[in-house]
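Asks: build me a model from this:
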Amino acid sequence: MSPRSLHALVVGPTTLCNVITVSGLNDWRKALGGNLSSLLLPETLRARGYAAYCNDDGVALELEPNRFAAKLGFWRLLGPAVIFRDHGDGDEHGLTANDLKFLARYLSGPVSLEAQAMVEADRRFLESNPSGVVMVAFETLDELLWAMGVRPSPPADAGNSV
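Replies: Numbers count the residues shown, from 1 in each chain. Below you'll find the predicted structure:
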């Protein structure tokens, strides 16, 4: 994580969305109320370069449910989420005024069909695995996303073309 300052959006359980300035790990932890963990956002948001963190101890800390959970693709999301830009370089990047306008529209609109499908997959997973933890090995990220029901499975002969 870079020591430079950047703007990020806190999407809270009960608060309105707040723009914060983040300069380092302590700022991320303060915004989340503890340790951070990456969230898998809907493809619509990822394709625009957005990423997010949440508090990975939300259950243990008994954090409040996040009212934006479904819009972010989760059946159960506890505590705040912090949205920022991800340019694929392993570092966080700040949000622009246009990003904030887009996110405000996205978060105030209806839950997308894509996010609804992710919510249903999350619900099925958590009902089958109440602890929220399962140890499974996948060869690729695509295999993980297929198993989560986020992406459709490839055709049975996808790897057998001539």
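Asks: scan the chain for its longest helix.
Replies: Of all the segments of type helix in the chain, defined by DSSP state H, the longest one is helix 113-128.
Asks: how far off centre is it?
Replies: The chain centroid and the centroid of helix 113-128 are separated by 13 Å under C-alpha atoms, centre = their mean, to the nearest Å.
Asks: which helices and strands sit right next to the helix or strand that that helix is followed by?
Replies: Sequence order places helix 141-148 as the next helix or strand after helix 113-128, per DSSP states H and E. With contacts taken as 3 or more C-beta pairs under 8 Å, 6 or more residues apart in numbering; DSSP states H and E, helix 141-148 sits against helix 113-128. All C-beta spots, glycine's among them, are computed from the backbone N, C-alpha and C.
Asks: count of residues packed around Gly73?
Replies: By other C-beta atoms under 10 Å, the residues close to Gly73 number 26.
Asks: please apply the same query to the one 4 residues further on.
Replies: Each residue near Leu77 was counted by other C-beta under 10 Å, and the total is 26.
Asks: hmm, back to that, pull the longest helix of the chain out as CSV, backbone CA atoms only.
Replies: Output in CSV follows, covering the C-alpha atoms of helix 113-128 (Å, rounded to 0.1, in the frame of the first residue of the first chain):
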residue,chain,number,x,y,z
LEU,A,113,-29.3,-8.6,-12.2
GLU,A,114,-25.6,-9.4,-11.9
ALA,A,115,-25.5,-8.4,-8.2
GLN,A,116,-28.7,-10.4,-7.6
ALA,A,117,-27.0,-13.5,-9.0
MET,A,118,-24.0,-12.9,-6.7
VAL,A,119,-26.3,-12.4,-3.7
GLU,A,120,-28.0,-15.7,-4.4
ALA,A,121,-24.7,-17.5,-4.8
ASP,A,122,-23.5,-15.9,-1.5
ARG,A,123,-26.7,-16.9,0.3
ARG,A,124,-26.4,-20.6,-0.9
PHE,A,125,-22.7,-20.6,0.2
LEU,A,126,-23.4,-19.2,3.6
GLU,A,127,-26.4,-21.5,4.2
SER,A,128,-24.2,-24.5,3.3
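Asks: got the angle between it and helix 141-148?
Replies: Following axes from the mean of the first three to the mean of the last three C-alpha atoms, to 10 degrees, one obtains 70 degrees for the angle between helix 113-128 and helix 141-148.
Asks: list the helices and strands helix 113-128 packs on?
Replies: The contact analysis (3+ C-beta pairs under 8 Å, 6+ apart) places helix 113-128 against helix 43-47, helix 141-148.
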